[in-house]
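Student: Give me a model of this one.
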Amino acid sequence: MSQTHGGLAALRAFALSLLILCGISQAVRAASLDPVEIATKTGVVLIEVEVARTQDQRATGLMNRKVLPERQGMLFDFGSDQPVYMWMKNTYIPLDMLFIRADGTIARIEENTTPFSERTISSGEPVRAVIEIGGGEARKLGIARGDKVANTLFRGP
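Tutor: Numbers count the residues shown, from 1 in each chain. Sure, this is the predicted structure:
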């Protein structure tokens, strides 16, 4: 076996290892998605979210992601109602931000945020959580202010 042929085999093995690791990483991420139901005027919309519970997870959010599958997103749990301020620094994709009260009602929606913008996006009132989904999805799915979000995080009236 020549040096070149052995190097090619090693390169193939390395590439296969990377593919396997990427697949495992995606499977772990997919396995950690939580279901969220949103009751809209036209029916119930189901999305799946990663939940950012820690300060570090909330600070990183969807930064540096280049794709976000439809009907998937991230739920930022702030633990209690409080004014929330978001931004799009290091975020490659436009997002819709759903600002949600503790009872699960959507207080406000910021649609199609601008990638990489450092403009502050305010909740406008104290909220318990924020869900980020792909830009334009809220309108496409019929999600509006006042709709009700159901997940173990939110309590009833």
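Student: Sort out which residues of stretch 65-79 are buried, please.
Tutor: Applying a neighbour-count criterion of 16 or more other CB atoms under 10 Å, the buried positions in stretch 65-79 are Leu68, Gln72, Gly73, Met74, Leu75, Phe76, Asp77, Phe78. For glycine as for every other residue, the C-beta is placed from the backbone atoms N, C-alpha and C.
Student: Narrow the residues you listed to those in strands?
Tutor: Judged by DSSP state E, strands contain the following of these: Gln72, Gly73, Met74, Leu75, Phe76, Asp77, Phe78.
Student: quick one, strands of this protein?
Tutor: 34-40, 43-52, 72-82, 85-86, 95-100, 106-110, 121-122, 127-134, 148-150.
Student: Tabulate those strands in TSV, adding columns for mean pLDDT.
Tutor: Written out in TSV, the entries for these read as follows (pLDDT from 0 to 100):
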stretch	mean pLDDT
strand 34-40	95
strand 43-52	94
strand 72-82	92
strand 85-86	94
strand 95-100	97
strand 106-110	98
strand 121-122	97
strand 127-134	96
strand 148-150	96
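Student: and those strands, which is most packed in?
Tutor: strand 95-100 (a mean of 27; mean count of other CB atoms under 10 Å).
Student: how many degrees apart are that one and strand 106-110 in direction?
Tutor: Strand 95-100 and strand 106-110 meet at an angle of 160 degrees, taking axes from the mean of the first three to the mean of the last three CA atoms, to 10 degrees as the criterion.
Student: So what touches strand 95-100?
Tutor: Strand 95-100 is contacted by residues 62, 68, 73, 84, 86, 88, 106-113, 121, 123-125, 127-139, 143, 149, 154 when judged by CB atoms under 8 Å, 6 or more residues apart in numbering.
Student: do that again at 6 Å, thanks
Tutor: In this structure, residues lying in contact with strand 95-100 by CB atoms under 6 Å, 6 or more residues apart in numbering are 86, 106-111, 113, 123, 127, 129-133, 135, 137-138, 149.
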